[in-house]
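# kindly return the folded structure for what I paste below:
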Amino acid sequence: MMKMEIMKVESLLLGRLVRIMMISVLVLEVLLGNLINAQAQLVPAIITFGDSSVDVGNNDYLPTLFKANYPPYGRDFINKIATGRFCNGKLASDITADFLGFTSYPPAYLSPQATGKNLAIGANFASAGSGYDDQTAVLYHAISLSQQLEYYKEYQSKLSKRVGSSNAKSIITGALYLKVPRSITWRPTTYDLWSWI
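Model prediction:
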């Protein structure tokens, strides 16, 4: 008898939990739907620094072995073309741009597309083979994090010339900044000093 009552209570609680979850999902869909369908971008630009996890093609313009400008890369991307992204479709930075209302993606800074009005939506400085340690990038002929920051300074100057200093300042201060260098310079946790030398 006691077991039946416990099962009824569990069933009622589970039913309520499912209803709460369904209502939450519906509310979330409405909120996200309104956000995604908004006509304006939520930020004026996206500025990205990092490694292969967000490189949209900078390495295509470098003498490095780390390139993604051939199949199967890009097979699920727009027009099924390899663009230098180290995946078969969109990167997290692309999905972020979609979510924020962008109709195109900030270009790889070294690409020919990183000129004119394209600069106003941001730039991607990421380079596969880069990491927190600049020597890693040197070893792989990638753009080091320090060099990415130098390119960013150059970008600011180009943007200012293109849209005027006041508009450039507004774009730069309102931009979303992504910094995503990750595992290339990763080392396992160890207490062996010699493994770090």
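
# so residue 111, which of the three states?
The assignment at residue 111 comes out as coil when based on DSSP: H, G, I helix; E, B strand; the rest coil.

# residues contacting it?
57, 58, 60, 61 (Cβ atoms under 8 Å, 6 or more residues apart in numbering). C-beta here means a position set from N, CA and C on the backbone, and glycine is covered the same way.

# switch the cut-off to 10 Å
56, 57, 58, 60, 61, 83, 84, 118, 123, 124 (Cβ atoms under 10 Å, 6 or more residues apart in numbering).

# low pLDDT regions in this structure?
Scanning the chain for pLDDT under 70 picks out 1-39, 181-197.

# can you pull out the strands in it?
46-50, 122-124, 176-180 (DSSP state E).

# for the last one, packing partners?
Translated: strand 176-180. If contacts are counted by 3 or more Cβ pairs under 10 Å, 6 or more residues apart in numbering; DSSP states H and E, strand 176-180 sits against strand 46-50, helix 92-99, strand 122-124, helix 145-163.

# go again using 7 Å as the cut-off
Contacts defined by 3 or more Cβ pairs under 7 Å, 6 or more residues apart in numbering; DSSP states H and E place strand 176-180 against strand 46-50.

# tilt between the strand it packs on and helix 92-99?
170 degrees (axes from the mean of the first three to the mean of the last three Cα atoms, to 10 degrees).

# C-alpha coordinates for strand 46-50, PDB please?
Provided in PDB are the C-alpha atoms of strand 46-50 (Å, rounded to 0.1, in the frame of the first residue of the first chain):
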ATOM      1  CA  ILE A  46      32.600  40.600 -33.700                       C
ATOM      2  CA  ILE A  47      36.400  40.600 -33.100                       C
ATOM      3  CA  THR A  48      37.900  37.100 -32.800                       C
ATOM      4  CA  PHE A  49      41.300  36.000 -31.600                       C
ATOM      5  CA  GLY A  50      42.400  32.400 -31.300                       C
END
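
# adjacent strands (with direction) for that strand?
Here strand 46-50 is paired, per DSSP bridges, with strand 122-124 (parallel), strand 176-180 (parallel).

# quick check: buried residues in the longest one?
By that I understand strand 176-180. Buried positions in strand 176-180, judged by neighbour count with 16 or more other Cβ atoms under 10 Å: 176, 178, 180.

# just the residues you listed now: which is nearest residue 130?
Using Cβ to Cβ, residue 180 is the member of the buried residues of strand 176-180 that lies nearest residue 130, at 10.0 Å.

# my guess is the closest one contacts residue 50. True?
Yes: contact criterion Cβ atoms under 7 Å: residue 180 and residue 50 qualify, at 3.5 Å.

# got any residues that touch both of the two?
Common neighbours of residue 180 and residue 50 (criterion: Cβ atoms under 7 Å, 6 or more residues apart in numbering): residue 126.

# which residues are in contact with residue 114?
107, 108, 123.

# could you report the distance from it to residue 72?
26 Å (Cβ to Cβ, to the nearest Å).

# hey, where'd the helices end up in this structure?
All helices of the chain, identified by DSSP state H, fall at 2-36, 92-99, 134-140, 145-163, 165-174.
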